[in-house]
Structures are given as C-alpha cells and as structure tokens.
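A.B. asks: structure, please.
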Amino acid sequence: MEEDEEAPRHGHITSLSVLRTHRKRGIATALMRRSQCEMQEVFDAEYVSLHVRESNRAAFHLYKETLQYEINDVEKEYYADGEDAYDMRCYFKRQEGTSKDANANLPTSEMNKLSVGV
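C.D. replies: Okay, here's the model as predicted:
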C-alpha cells in the first residue's frame, strides 16, 4: 500500500511467477484474484497496479483479458535492458452502502474461483 495519504489507497504487484511445468493450471489467476481481494478487504484499496513488459504477451493476456486490467500508461525504458513497460491498473468496483468485504461485489462464479486449491 502507498503511504501517501493524499493519493488513493492502492496495492501494487511487484512480481508474479509460476514454474513453467505448472503453468496453464489457473495458479497465477487464483493468486492474483486472492491478492486483489485481500488488498480491497484488508487495506480498503481502490485499485491495484502492476508493470508488465510490452513483449510479455502471456502476462499481458492474463492481466488484460482474464483479470480486466487497463493500460494506464506506458513507462519508457522501465526495465534495465531498455524495454518499455505497460503500467496497468485494475479498479475495484464498490457500490454505495455495501460491505467493505472484497467478495461482496463478486459474482458467485468468481467467488468459487477464489477457493481453487493451488
């Protein structure tokens, strides 16, 4: 969580990796969904941000298509090798008068995905 009290409360994913032999099993998706729920529930975050290499098509697909992240900006030469990064964000939906529980706004199908054993 950011410590600047003026900025909206948000989380940041620094790194996520799944062993090659264990990919395509939904592990990264489950980890991301669970961490997002915790950020919203425990820290009352409004959104979560992350950076992803422009060339990392698999990660970009996970964040953009599966987890509904949006490109916020492009960070030029973000990585040591000079490659640009997408600055991506996923905003949490919270309706007026509802619980702060992160799962309160998730459809049942999404709640079931959170209990996937990894």
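A.B. asks: buried set for the helix or strand harbouring residue 52?
C.D. replies: Counting by DSSP states H and E, the element that carries residue 52 is strand 47-53. Neighbour counts over strand 47-53 (16 or more other C-beta atoms under 10 Å) mark 47-52 as buried. In this view, the C-beta of every residue, glycine as well, is placed from N, C-alpha and C.
A.B. asks: and for stretch 83-94?
C.D. replies: Those would be 85-92, for stretch 83-94 by 16+ other C-beta under 10 Å.
A.B. asks: closest to residue 57 out of the residues you listed?
C.D. replies: residue 86 (11.4 Å; C-beta to C-beta).
A.B. asks: so that closest one sits in a strand?
C.D. replies: Yes: assignment of residue 86 by DSSP: H, G, I helix; E, B strand; the rest coil places it within a strand.
A.B. asks: from residue 65, how far out is it?
C.D. replies: 13 Å (C-beta to C-beta, to the nearest Å).
A.B. asks: any chance you could map the strands in the chain?
C.D. replies: Counting by DSSP state E, the chain has strands at residues 10-13, 47-53, 70-75, 85-91.
A.B. asks: which residues are in contact with the third one?
C.D. replies: Looking back up the chat, that one is strand 70-75. With C-beta atoms under 8 Å, 6 or more residues apart in numbering as the contact definition, strand 70-75 has outside contacts at 49, 51, 54, 64, 84-91.
A.B. asks: in that strand, what's buried?
C.D. replies: Applying 16+ other C-beta under 10 Å to strand 70-75 flags no residue as buried.
A.B. asks: ok, that strand: who's next to it in the sheet?
C.D. replies: strand 85-91 (antiparallel) (DSSP bridges).
A.B. asks: how far is the partner strand from where the chain is centred?
C.D. replies: Chain-centre distance of strand 85-91: 8 Å, with C-alpha atoms, centre = their mean, to the nearest Å.
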